[in-house]
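Asker: below is the sequence, then the predicted model.
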Amino acid sequence: MRNVQNFNADWRFIPEKVAIDAPEEIFESITLPHTNKLFPRHSVDNHDYQFIATYRKRFTLSDQIAAKRLFIDFDGVMLASFVYLNGQLLGNHKGGYTPFSFEITDYAVVGENVLTVYVDATENPEIPPFGGKVDYLAFGGIYRDVFLRVVEPCHVVNVFARPINVLTAPALECDVQIAELASGLVLDTVLQDSQGHVLARTRQDVHAESLTAALSDLPPVELWTLENPALYVVSIRLYINDNLVDEVSTRVGFRAAEFSTDGSFYLNGQPLKLFGLNRHQTYPYIGAAAPARLQQLDAEILKYELGCNIVRTSHYAQSPHFINRCDEIGLLVLEEIAGWQHIGDAAWQALVLQDLEAMIKRDRNHPSIILWGVRVNESPDDDALYLCTNQIAHELDSTRQTGGIRNFIYSHFLEDVFTLNDFSEDIQTPLVRPHLITEFGGHMFPTKTWDNEERRLEHAFKHVHKHNLQMGHPDVAGAIGWCAFDYHTHQDFGSGDRICYHGVMDMDRLPKLAAYFYRSQKSPKDEVVLNAATSWTMGDRSGGGNNPLTIFSNCDEVEIVIGDHSYARIKPDTDQFPHLPHPPFIIGWSDSYNPWGTGLDDLTVRGFINGEMVAEQKIAADHVPHTLRLKASSATLYADGADMARVTVQIVDKYGNVLPYQARIARFEVAGPAELIGENPLVLMGGQGAVYLKSRHTTGDVTLRAVVDDLPSAE
Ligand code: GAL
């Protein structure tokens with residue numbers, strides 16, 4: 001029977017290339033996922049991670065296991081890997097974003113085995129995305145999970161589970177690839193719901209290495225929707241003469257997704273305007289080596305805190321933990337191949353095709369994925385290459401359309417969807433449909449959490465305007481803004497500290513004002529949102545005052561109270577933003593409210609739906625730092641030496657509003673079995689910041705204490 005062991009624990013690491021038999025003492029003990037270096041928050045120098053490191057893992061095999069077929073599966077290693085078992089080269093792999101495997105059956109021994117991986121994180125111009133300039137950092141290391149996979153000689157190699165006729169007569173077809181056929185081989189395919197109830201089953205004799213199992217006449221199935229992302233499990237079992245020899249399971253969702261030539265995107269037959277953001281996978285300090293929990297957190301932030309219905313995995317295949325979470329919570333995904341503007345020679349292009357194939361084979365069972373990006377982001381037209389990527393994508397996955405992200409409108413349209421980065425203030429219309437905007441904003445208006453309010457507000461309004469335009473445009477299926485989170489970059493980009501401040505959230509996933517606009521587009525049935533887009537000061541804006549005042553909210557009416565005087569009740573600005581589900585509320589008050597010289601009072605905004613008050617926010621006019629607020633993204637961690645929680649640190653007024661100019665120093669103490677990842681002391685920029693807690697290998701209570709002078713400490 002198949003046995004898959006997580007192989008993340010008990011690695012040794014040394015940040016240099018050492019002999020394969022180098023003494024164990026010179027290595028440090030580490031757990032995957034791992035970054036070959038920890039970095040400061042600002043001014044990460046890409047040269048610092050560009051070296052060859054040695055990873056080593058000893059493991060023991062029993063004689064029972066050594067008689068099977070054995071594979072080492074790598075989910076992602078940045079950027080090139082040379083893998084050895086017991087001194088024998090198994091092979092090398094080029095490319096950091098998609099999985100690869102090596103069979104070790106012939107080299108493994110009963111007893112102790114030594115796996116060595118030389119990881120070369122050099123930005124090698126022969127390997128995508130490198131060769132030209134790249135506006136993001138790749139980092140280095142074995143930064144995703146590793147598994148030991150033990151199977152019988154006869155086993156399942158790959159399963160493509162395809163829900164079909166979803167809206168009429170739902171059925172499931174599973175393309176199964178099998179290794180080493182045997183006589184008396186039977187394939188048993190079982191579809192179960194999330195509670196384990198069997199919905200359908202089929203058994204068939206196996207005479208070929210590729211075959212399709214069809215499950216039709218299904219009882220009613222729940223559709224996978226954004227609100228109720230129902231998942232089912234299909235299990236593929238192989239029997240030889242009634243003995244079970246292999247079983248693999250994959251989750252599936254029954255949903256129909258189509259970009260139509262009428263201009264709209266349809267999910268389950270219903271038009272849906274796509275509203276989303278791009279995501280880079282990197283975090284401060286740890287680069288790309290975020291464990292499962294932080295990957296899941298990003299999906300949750302995009303869906304729940306930012307109200308997105310789609311994310312683009314710019315510009316590469318992202319962690320399986322991230323995509324799995326998108327399936328579970330109902331967040332659509334546009335996933336694309338690695339690269340940035342540059343196309344290399346034939347060998348480089350062969351790696352693009354390899355990356356594409358690996359991405360689609362890994363991810364084609366995910367209901368959340370609705371579109372494959374089959375061009376190197378913003379590369380020039382190359383019809384030979386892109387006819388080929390389109391063909392491969394369609395051959396490997398007949399159920400999904402392709403896009404190819406370009407930044408010039410007259411690019412040759414070889415895909416199914418014209419996916420365009422559109423940095424104009426308007427909507428560029430390519431005269432073809434379907435048309436999806438895959439980026440806007442970004443370098444047009446970088447914004448920091450500690451920029452002045454006018455800029456942060458203007459940044460938010462860039463997103464407001466573009467989404468209003470796209471939502472009102474019948475030829476546009478949706479728009480995916482640049483981008484969700486600030487990210488590390490090369491010296492050729494960014495603000496000088498090697499950071500692109502393009503996110504609607506910062507690198508710690510803490511909100512800028514633009515984030516509140518996104519969130520306010522949620523349905524109030526999911527969450528009532530009410531956020532005054534101001535710190536309510538008398539003299540921060542040019543000319544002073546707070547005119548006009550903007551409130552991002554999904555209420556239908558907002559009351560503005562200053563001190564104890566109710567100033568106005570206003571409606572959303574449908575004149576300026578008629579196409580948004582929830583236009584911002586904007587009030588100008590040149591006429592009757594001018595507290596200049598007379599004193600500023602607290603602001604209260606109240607949100608009403610159908611006349612009933614459903615939300616209230618107060619902002620203190622005194623702006624006195626009141627509380628040091630700590631929040632952990634999770635109350636528990638696995639004691640696996642790798643799990644991490646984000647702990648946000650914010651200086652807030654007496655009503656809980658972050659004070660953006662409190663650039664104060666926070667000091668931390670950790671007690672218990674966890675390691676602090678981050679700077680200590682940490683300068684809170686924009687009145688906020690975050691550190692990370694990483695588990696050790698023992699259980700127990702972890703306490704993080706933060707101290708900022710003159711404020712009560714927080715735990
Ligand atoms: C785009 C590019 C993104 C990012 C963005 C910044 O052209 O595709 O990766 O660099 O610009 O605005």
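Answerer: Nice, thanks for sending it over. Not measured: the values here are computed from a predicted model. Residues are numbered from 1 along each chain as shown.
Asker: every contact and neighbour count from this point should use C-alpha atoms.
Answerer: Will do.
Asker: pLDDT weak spots in the stretch 501-650 of the chain?
Answerer: Residue ranges of the stretch 501-650 of the chain with pLDDT under 70: 590-592.
Asker: what segments of it are strands?
Answerer: Counting by DSSP state E, counting those that start in this stretch, one finds strands in the stretch 501-650 of the chain at the ranges 530-532, 549-553, 557-562, 565-570, 585-587, 603-609, 612-619, 627-632, 644-652.
Asker: any buried residues in the second one, and which?
Answerer: Of the residues in strand 549-553, 549, 550, 551, 552, 553 count as buried by neighbour count, 16 or more other C-alpha atoms under 10 Å.
Asker: in contact with the last one, which residues?
Answerer: For residue 553, the residues meeting the contact criterion (C-alpha atoms under 8 Å, 6 or more residues apart in numbering) are 517, 520, 521, 528, 529, 530, 531, 582, 583, 584, 585, 607.
Asker: which of those sits closest to the ligand?
Answerer: Comparing those against the ligand with C-alpha to the nearest ligand atom places residue 517 closest, at 19.2 Å.
Asker: need the residues that contact the helix or strand bottoming out on mean pLDDT in the chain.
Answerer: Lowest by mean pLDDT, DSSP states H and E among the helices and strands of the chain is helix 63-66, with a mean of 83. With contacts defined as C-alpha under 8 Å, 6+ apart, helix 63-66 is touched by 105, 108, 109, 110, 111, 150.
Asker: please flag which of those sit within strands.
Answerer: If you go by DSSP state E, the contacts of helix 63-66 have 111, 150 in strands.
Asker: low-confidence ranges, the chain, go.
Answerer: Within the chain, the ranges that satisfy pLDDT under 70 run 590-592.
Asker: tell me the residues on this structure that lie near the ligand, please.
Answerer: Residues of the chain found near the ligand (C-alpha under 6 Å from any ligand atom) are 135, 442, 443.
Asker: so which of those is the most crowded?
Answerer: Highest neighbour count within these, by other C-alpha atoms under 10 Å: residue 442, with 21 neighbours.
Asker: mind listing what that residue touches?
Answerer: Listed by C-alpha under 8 Å, 6+ apart, the contact partners of residue 442 are 481, 482, 483, 501, 502, 503.
Asker: burial of the fourth one, as a residue count?
Answerer: What that stands for is residue 501. By other C-alpha under 10 Å, 23 other residues sit near residue 501.
Asker: over to the last one?
Answerer: Other residues near residue 503 come to 31 when the count uses other C-alpha under 10 Å.
Asker: wait, it touches residue 483, no?
Answerer: Yes. Between residue 503 and residue 483 there is a contact at 4.7 Å, judged by C-alpha atoms under 8 Å.
Asker: kindly format the C-alpha coordinates of the helix of greatest length in the chain as CSV.
Answerer: Scanning the chain for the longest helix, with DSSP state H as the assignment, gives helix 453-472. Below are the C-alpha coordinates for helix 453-472, written out as CSV (Å, rounded to 0.1, in the frame of the first residue of the first chain):
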residue,chain,number,x,y,z
GLU,A,453,-3.4,60.6,4.6
GLU,A,454,-3.9,62.3,1.3
ARG,A,455,-1.7,59.9,-0.5
ARG,A,456,-3.1,56.8,1.2
LEU,A,457,-6.6,58.0,0.3
GLU,A,458,-5.6,58.7,-3.3
HIS,A,459,-4.1,55.2,-3.4
ALA,A,460,-7.4,53.8,-2.2
PHE,A,461,-9.3,55.9,-4.8
LYS,A,462,-7.1,54.5,-7.7
HIS,A,463,-8.5,51.1,-6.8
VAL,A,464,-12.1,52.6,-6.4
HIS,A,465,-12.0,54.2,-9.8
LYS,A,466,-10.7,51.2,-11.7
HIS,A,467,-13.1,48.8,-10.2
ASN,A,468,-16.0,51.2,-10.8
LEU,A,469,-15.0,51.4,-14.4
GLN,A,470,-14.5,47.7,-14.9
MET,A,471,-17.7,46.8,-13.2
GLY,A,472,-19.6,49.1,-15.5
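Asker: list the buried residues for it?
Answerer: Going by neighbour count (16+ other C-alpha under 10 Å), the buried part of helix 453-472 is 453, 455-457, 459-472.
Asker: just stretch 664-682 next, same as before
Answerer: So, applying 16+ other C-alpha under 10 Å, buried residues of stretch 664-682: 664-668, 673-679, 682.
Asker: residue 342: what's it in contact with?
Answerer: Residue 342 makes contact with 129, 130, 131, 132, 133, 376, 379, 380 under the criterion C-alpha under 8 Å, 6+ apart.
Asker: what's around residue 25, how many residues?
Answerer: For residue 25, the neighbour count with other C-alpha under 10 Å is 8.
Asker: how close does it get to residue 86?
Answerer: Residue 25 sits 18 Å away from residue 86, taking C-alpha to C-alpha, to the nearest Å as the criterion.
Asker: same deal with residue 375?
Answerer: Noted for residue 375: a distance of 39 Å to residue 86, by C-alpha to C-alpha.
Asker: what's the answer for residue 510, then?
Answerer: With C-alpha to C-alpha as the criterion, residue 510 and residue 86 are 46 Å apart.
Asker: same check, this time on residue 131
Answerer: Applying C-alpha to C-alpha, the value for residue 131 to residue 86 is 34 Å.
Asker: the closest residue to residue 228 other than its chain neighbours - how many residues pack around it?
Answerer: Nearest residue to residue 228, sequence neighbours excluded (C-alpha to C-alpha, 6 or more residues apart in numbering): residue 330, at 7.1 Å. Per other C-alpha under 10 Å, the neighbour tally for residue 330 reads 22.
Asker: residues contacting residue 330?
Answerer: Contacts here follow C-alpha under 8 Å, 6+ apart; on that basis residue 330 touches 224, 225, 226, 227, 228, 229, 303, 309, 368.
Asker: before we move on, back to that, just the buried members of the contacts of residue 342?
Answerer: If we count by 16+ other C-alpha under 10 Å, those have these buried: 129, 130, 131, 376, 379, 380.
Asker: and the residue lying closest to the last one once chain neighbours are set aside, how many neighbours does it have?
Answerer: Going back to what we said before, that points to residue 380. Counting by C-alpha to C-alpha, 6+ apart, residue 341 is the residue found nearest to residue 380 once chain neighbours are left out, at 7.1 Å. Number of residues near residue 341 (other C-alpha under 10 Å) recorded here: 20.
Asker: so residue 341 sits against residue 375, correct?
Answerer: No. Counting by C-alpha under 8 Å, residue 341 stays clear of residue 375, with 9.4 Å between them.
Asker: and the helices in the stretch 351-500 of the chain?
Answerer: Taking DSSP state H, counting those that start in this stretch as the test, the helices found in the stretch 351-500 of the chain are 383-396, 453-472.
Asker: OK, contacts around residue 328?
Answerer: Counting by C-alpha under 8 Å, 6+ apart, residue 328 makes contact with 229, 230, 231.
Asker: dump those to JSON lines, plus distance to residue 272 and secondary structure.
Answerer: JSON lines is the format used below for these (distance: C-alpha to C-alpha, whole Å; DSSP: H, G, I helix; E, B strand; the rest coil):
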{"residue": "229", "distance to residue 272": "15", "secondary structure": "strand"}
{"residue": "230", "distance to residue 272": "18", "secondary structure": "coil"}
{"residue": "231", "distance to residue 272": "21", "secondary structure": "coil"}
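Asker: this completes my enquiry, with thanks.
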